[in-house]
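# Give the three-dimensional model of this entry:
(chains A and B)
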Amino acid sequence: MIELDTVDRQILRALSEDAAQSASALGRALGLSQPATWRRIKRLRETGVIAGQRLDLDRERLGFGVAVFLGVKLATKGRVSLEDFERAVTAIPEVQTVEHILGLYDYRLRVVARDISDFERVLRRRIMTLPGVGDVEANVLLSEERRPGPIG
Amino acid sequence: MLDDVDRRLLRLYQYDASLGPAELAERAGVTPATCARRLDRMAAAGIIRGNRAVIDWRKLGYAVEVSLRVTLDKAQPRAFEEFVEAARKVPEVLEIQSFLGRVDTRLSVIARDMAHYQQIYRESILSLPHIADIEALMHVARIKSDEGLPL
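Numbering: from 1, shown residues only, chains lettered A, B, ... in the order given. Sure thing, here's the model as predicted:
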């Protein structure tokens, strides 16, 4: 486990808002020198605390008016391997995230579509034809917000 | 409206958001000035909302991730607003989503271990207002998490 001090936490919080800002701009905001800031950012990246960067796009402005979370239960566990399902589902462009979960369902998928009829097409042609797919529960996303998390 | 160059830039940038402006321009086959102008325009139009660092909470000692599907008491007119307002105050809540369907809201919650999760669940989650029912799903693995749009 990586231990962070207060300054690391401030840097992490700032980068989770804007990861494209320069070390000198961030250092200025926090009252740190550019080299000191750069060293700390480098450590956060090298230790994997910062796993990467994500471009935050407004999907609705890009024409994807619908996001649906699907709970998928596999019908034929054992016969069709989990790998087959996972390989096929991750190849679908409209599927944004795939999570393996324990509980009511086996997988949780986040699917985007242009509208409800486009979603129906994705569901029928791409999801329901996946190897081993059983029960599917759909919940249409109305709103979402991400929180900074326990950075401190 | 977006043209082919805009879409190409978004596709490349979405695939690798750590690309600097010069590299992005080169891969997209446009000049750095064109690249910067297009990105600025898409940011001003609200299409690009930001470029965020992705935190690996496991590296910070948060080994447990639970998805809580919460059904709210719909007899209360402000149930959703009050629930969300209170959920925002729980630091371990990473995501708050609302749905049209069988599930009303979903919270993504992280904890250091199962004992810590139990503590958060009892002290912070169960005291949130207007909960009618909660169902917990435990995360095993993320198979795909790039969140890319099929542009």
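
# Off-centre distance for the longest strand along chain B?
If you go by DSSP state E, chain B has its longest strand at strand B:131-144. With CA atoms, centre = their mean, to the nearest Å as the basis, strand B:131-144 stands 15 Å off its chain's centre.

# Then stretch B:61-73?
The mean C-alpha position of stretch B:61-73 is separated from the chain mean by 14 Å, CA atoms, centre = their mean.

# what comes into contact with that stretch?
Counting contacts by CB atoms under 8 Å, 6 or more residues apart in numbering or on different chains, the residues outside stretch B:61-73 that touch it are A:1-2, A:99, A:101, A:103, A:108, A:150, B:57, B:79-80, B:83, B:92, B:103-114, B:116-117, B:125, B:128, B:130-139. All C-beta atoms are positioned from the backbone trio N, CA, C, and that covers glycine.

# now with 6 Å?
A:1, B:79, B:83, B:103-113, B:117, B:130-139 (CB atoms under 6 Å, 6 or more residues apart in numbering or on different chains).

# could I get it in PDB with only the CA atoms?
Coordinates of each C-alpha in stretch B:61-73 appear next as PDB, following Å, rounded to 0.1, in the frame of the first residue of the first chain:
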ATOM      1  CA  GLY B  61      -5.300   0.300   0.400                       C
ATOM      2  CA  TYR B  62      -9.000   0.200  -0.600                       C
ATOM      3  CA  ALA B  63      -9.300  -3.500  -1.500                       C
ATOM      4  CA  VAL B  64     -13.100  -3.800  -1.400                       C
ATOM      5  CA  GLU B  65     -15.600  -2.300  -3.900                       C
ATOM      6  CA  VAL B  66     -19.300  -2.800  -3.500                       C
ATOM      7  CA  SER B  67     -22.200  -1.700  -5.700                       C
ATOM      8  CA  LEU B  68     -25.200  -0.900  -3.600                       C
ATOM      9  CA  ARG B  69     -28.500  -0.900  -5.400                       C
ATOM     10  CA  VAL B  70     -30.900   1.200  -3.400                       C
ATOM     11  CA  THR B  71     -34.700   1.400  -3.700                       C
ATOM     12  CA  LEU B  72     -36.100   4.600  -2.200                       C
ATOM     13  CA  ASP B  73     -39.300   5.300  -0.400                       C
END
